[in-house]
Every structure is written in structure tokens, then in C-alpha cells.
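Undergrad: take a look and give me a structure for this.
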Amino acid sequence: MNINLKGGGMPGIPSIPQNLPKLLLIIGVLLIGFGLLLLFYEWLLRYLVAGIFIALGGLVLLIGSRAKRMLG
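TA: Next comes the predicted model:
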């Protein structure tokens, strides 16, 4: 029995892209670096969380204003 391990795969299921492992390794290293940065600079976490809440609040305001305009 000849088993082809290169490419092929199951029909209908896409194969894994060639550069996916390298991309995942780079993202992992960047996340570890960001975690270390947050570990040494606690104030950065405060501004990061505040920025997320400001962005979410702005998004809710935008959605609310468009919904109000749609309803008249």
C-alpha cells in the first residue's frame, strides 16, 4: 500500500499553507514579548484597557446614532 503524505489530504479539506508554522512562531514570539512588556510596565496595561473601553464605547455610540437615524 502506497500512502502519499505530501499534499493530497482528504478531498474537500484544504491543506495547511506552507508559511503557517513560521507565521504562528512569529505571532507567539510577539505575544511573549508583549507579555514581558506588560510585566515590567504595569501602567501600559491600564492604558490598554482604557483604550479598549473607549473604543467599545465609541462603537456603541456609533451604532446607537445610526439606529436612531434609521428609526426616525
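
Undergrad: center of this protein - which residue?
TA: Taking Cα atoms, centre = their mean, the centroid of the chain lies closest to Ile27, which sits 9.9 Å from it.

Undergrad: and the helices in the protein?
TA: For the chain, the helices defined by DSSP state H occupy 20-40, 42-71.

Undergrad: which stretch among those comes nearest Pro14?
TA: Checking the helices of the chain against Pro14 by Cβ to Cβ gives helix 20-40 as the closest, at 11.3 Å. Bear in mind the C-beta positions are built from the backbone N, C-alpha and C, glycine included.

Undergrad: helices or strands next to the closest one in the packing?
TA: Judged by 3 or more Cβ pairs under 8 Å, 6 or more residues apart in numbering; DSSP states H and E, helix 20-40 is in contact with helix 42-71.

Undergrad: what's the angle from the helix it packs on to helix 20-40?
TA: Counting by axes from the mean of the first three to the mean of the last three Cα atoms, to 10 degrees, helix 42-71 points 110 degrees away from the direction of helix 20-40.

Undergrad: tell me what helix 42-71 is packed against?
TA: helix 20-40.

Undergrad: and the helix it packs on, average pLDDT?
TA: Mean pLDDT, helix 20-40: 94.

Undergrad: and the contacts of that helix?
TA: Identification of contacts with helix 20-40 by Cβ atoms under 8 Å, 6 or more residues apart in numbering yields 44-45, 48.

Undergrad: what do you get if the cut-off is 6 Å, keeping everything else the same?
TA: The contact list for helix 20-40 (Cβ atoms under 6 Å, 6 or more residues apart in numbering) reads 44-45.
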